[in-house]
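K.L.:
mind folding the following:
(one chain, ligands or ions: 2)
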Amino acid sequence: MSDCVFCKIVAGEIPSKLVAESEHAIAFNDIKPAQPIHVLIVPKKHFNDVADLAARDEVVLLDVMRLGTQVAEDLSIGSFRFQFNTGEEAGQTVFHAHGHITSKTPRA
Ligand code: AMP
Ligand code: ZN
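P.N.:
Ligands and ions are numbered 1, 2, ... in the order given. Sure thing, here's the model as predicted:
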């Protein structure tokens, strides 16, 4: 996906603040944080959205879910959201599957 911003971040062609990485996914800070903790969980391979990911690759789906919950538990006090905006009407603006980890209170 040559014009996909998250494919470019995965390839290192666009910089990002990497938070964590797993075999199939990366976690980096959202450029426009909506909460004190706002990390995006992104599969390294391109899927259009989480429905596409769930339908096509259960290994990558599990890896994304595990990386997201691990990052959330590491950074927050255990209270967080893990949200996948899916489709334009739901607010999806980047059409490469990603989950948002958001939380109000960073772990001390
Ligand atoms: P969504 O609206 O669910 O598609 O989420 C896309 C998210 O990607 C938004 O919260 C943007 O702030 C974020 N975003 C877009 N471009 C970048 C980038 N280059 N680095 C980090 N986050 C980005
Ligand atoms: Zn992509």
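
K.L.:
residues in contact with the closest residue in space to residue 72 that isn't next to it in sequence?
P.N.:
Residue nearest to residue 72 in three dimensions, not counting chain neighbours: residue 80, with 4.2 Å by CB to CB, 6 or more residues apart in numbering. (C-beta placed from N, C-alpha, C; glycine too.) Taking CB atoms under 8 Å, 6 or more residues apart in numbering, we find residue 80 in contact with 37, 72, 101-103.

K.L.:
and which of those residues is nearest ligand 1?
P.N.:
Ligand 1 lies nearest to residue 102 out of the contacts of residue 80, by CB to the nearest ligand atom, at 9.6 Å.

K.L.:
correct me if wrong, but the closest one is in a strand.
P.N.:
Yes. Counting by DSSP: H, G, I helix; E, B strand; the rest coil, one finds residue 102 located in a strand.

K.L.:
isn't it right up against residue 38?
P.N.:
Yes. Counting by CB atoms under 8 Å, residue 102 does reach residue 38; the two are 5.2 Å apart.

K.L.:
what ranges does this structure have for its helices?
P.N.:
With DSSP state H as the criterion, the chain has helices at 5-10, 50-56, 58-75.

K.L.:
other residues contacting the longest one?
P.N.:
To tie it back to what came earlier, the one meant is helix 58-75. Against helix 58-75 from outside (CB under 8 Å, 6+ apart): 19-25, 27, 37, 39, 41-43, 45, 47, 53-54, 80, 82, 97, 99, 101, 103, 106-107.

K.L.:
that one close to ligand 1?
P.N.:
No. Residues of helix 58-75 are not located near ligand 1 by CB under 6 Å from any ligand atom, the shortest gap being 13.6 Å.

K.L.:
to the chain's geometric centre, what's the distance from that helix?
P.N.:
Taking the mean of its C-alpha atoms, helix 58-75 sits 9 Å from the chain's own mean (CA atoms, centre = their mean, to the nearest Å).
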